[in-house]
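Participant: Need coordinates for the following:
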Amino acid sequence: MDAVRYHGANVPLTLDCIPKPDVNDILNDEVIVEIKASALCHTELHFADGTLDLGVKPITLGHEAVGIITQVGLNVSKNRIGDRVIIYYYVGCDTCRWCTKGQEQICGELKAEYGFISDGGLAEYIVAKSRNALILPDHLSFIDAAPIGCGVTTAVHASKMGNVNSTDTVLIYGCNGVGFGLVQLMKNVYGVQKIIVVTRSESKRRKSETLGADETIDGTDPSTVAATVREMTGGEGVDVIFECVGRRETMDASVGWAGALGKRGRLVLVGYQNSGDGNDHDHEFRCHPIPMIVYEQSVIGSVGATLEDLKEAVSYVGEGILSTVIDSTIPLSSFQQGLDKIKNCSCVGKIVCVPGMKE
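Facilitator: Next comes the predicted model:
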């Protein structure tokens with residue numbers, strides 16, 4: 001079968017022909033899923049440029065996959081064959097304090113992480129734990145469902161980490177897959193007071209407005225962002241910032257005496273970058289503690305999502321409370337073209353790869 005493979009840092013990703021999984025190769029609690037659609041993520045670029053190197057190679061990438069269960073392990077009901085499913089990509093140890101709380105995305109002894117340390121979904125088939133294959137509503141297309149697996153679930157989890165409430169003013173810094181999910185969550189689920197979006201792309205600003213953003217800011221010059229936010233908020237700054245970019249200049253705009261974050265504000269770090277030249281300090285988060293102390297601000301990291309977050313995300317999209325934003329669908333074999341669009345920031349929404357699709 002075809003699979004998008006990672007062979008090491010700064011080595012081009014390749015479309016390789018590897019063995020298709022067979023029922024004799026899977027564990028008793030696993031299933032084989034025929035992939036119908038898989039969304040591309042900035043994570044794949046992080047692997048390609050060396051930002052992420054988790055020590056496992058070669059490996060099939062992709063962690064936003066949906067499809068149909070075709071075979072099951074001995075301990076899995078055969079009734080599951082034919083189920084339309086979405087893959088949850090974390091498999092925890094089941095015994096640590098985080099796993100017992102349902103927080104396996106921060107388990108220190110992960111048994112699997114599809115698309116990171118275990119073969120993922122940018123392929124024709126994937127092997128996953130049965131519990132990690134969640135049922136999709138019948139009316140939800142595979143194309144529309146694929147971006148839920150990270151784009152929407154990451155937004156759901158980050159919203160909880162930010163302790164958002166309806167009286168908040170929220171800034172979403174960087175807006176595409178996760179950002180569009182955050183806009184809709186803030187508008188349709190949390191009912192926040194004001195939603196501000198910062199992005200360099202005019203088309204993304206327009207899209208965020210259709211999804212519920214109250215104000216948008218051109219982020220082409222990050223040095224002007226904080227002052228603009230302060231002006232929009234009567235000098236107060238915002239209550240929550242979801243920082244989805246992870247560049248030094250965007251983080252700098254968020255904090256400090258005159259930063260976009262207000263008193264008792266919560267800065268939720270979602271995005272991250274690598275300079276590409278080995279100087280990782282170029283995109284480190286730095287802030288003098290005095291303004292953070294005086295303003296009683298919090299800085300919070302948010303990674304991935306829990307299984308319950310995925311269940312919520314599927315429910316939100318299935319019920320029409322949120323929608324995924326699709327830029328385009330492409331053949332799996334054209335994955336590099338899709339990643340190039342992501343790298344160039346020229347896509348509005350998610351790019352979804354479809355195995356078997358003609359070029």
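
Participant: just so I have it, where are all the strands in the stretch 201-350 of the chain?
Facilitator: With strands called from DSSP state E, counting those that start in this stretch, the stretch 201-350 of the chain shows them at 215-218, 238-243, 261-269, 298-301, 326-331, 350-354.

Participant: from these, which stretch is densest packed?
Facilitator: strand 238-243 (a mean of 29; mean count of other C-beta atoms under 10 Å). In this view, the C-beta of every residue, glycine as well, is placed from N, C-alpha and C.

Participant: Low-confidence stretches in the stretch 1-150 of the chain?
Facilitator: Within the stretch 1-150 of the chain, no stretch has pLDDT under 70.

Participant: Let me know the distance separating T43 from D252.
Facilitator: 24 Å (C-beta to C-beta, to the nearest Å).

Participant: actually D25, sorry about that
Facilitator: D25 is 49 Å from D252, by C-beta to C-beta.

Participant: Look at these two and report which has more neighbours.
Facilitator: D252 (17 against 12; other C-beta atoms under 10 Å).

Participant: what sits against that one?
Facilitator: D252 sits next to P222, G259, R286 when contact means C-beta atoms under 8 Å, 6 or more residues apart in numbering.

Participant: quick one: it and R205, what's the gap?
Facilitator: Distance from D252 to R205, by C-beta to C-beta: 21 Å.

Participant: Please enumerate the helices of this structure.
Facilitator: For the chain, the helices defined by DSSP state H occupy 42-48, 142-145, 151-161, 177-184, 202-211, 225-232, 248-254, 289-294, 307-318, 335-343.

Participant: L136: which of these is closest?
Facilitator: Of all the helices of the chain, helix 142-145 sits nearest to L136, with 5.3 Å by C-beta to C-beta.

Participant: Not counting its own residues, what contacts that closest one?
Facilitator: Contacts of helix 142-145 (C-beta under 8 Å, 6+ apart): 36-37, 66-67, 84, 86, 136, 314, 317, 323-324, 326, 329, 352, 354.

Participant: Now with 7 Å, please.
Facilitator: Contact partners of helix 142-145, identified using C-beta atoms under 7 Å, 6 or more residues apart in numbering, comprise K36, A37, V66, I86, L136, T324, I326, T329, V352.

Participant: Quick one: distance of that helix to the chain centre.
Facilitator: Averaging C-alpha positions (C-alpha atoms, centre = their mean, to the nearest Å) puts helix 142-145 15 Å from its chain's average.

Participant: What are the buried residues along it?
Facilitator: By neighbour count on 16 or more other C-beta atoms under 10 Å, the buried set for helix 142-145 is F142, I143, D144, A145.
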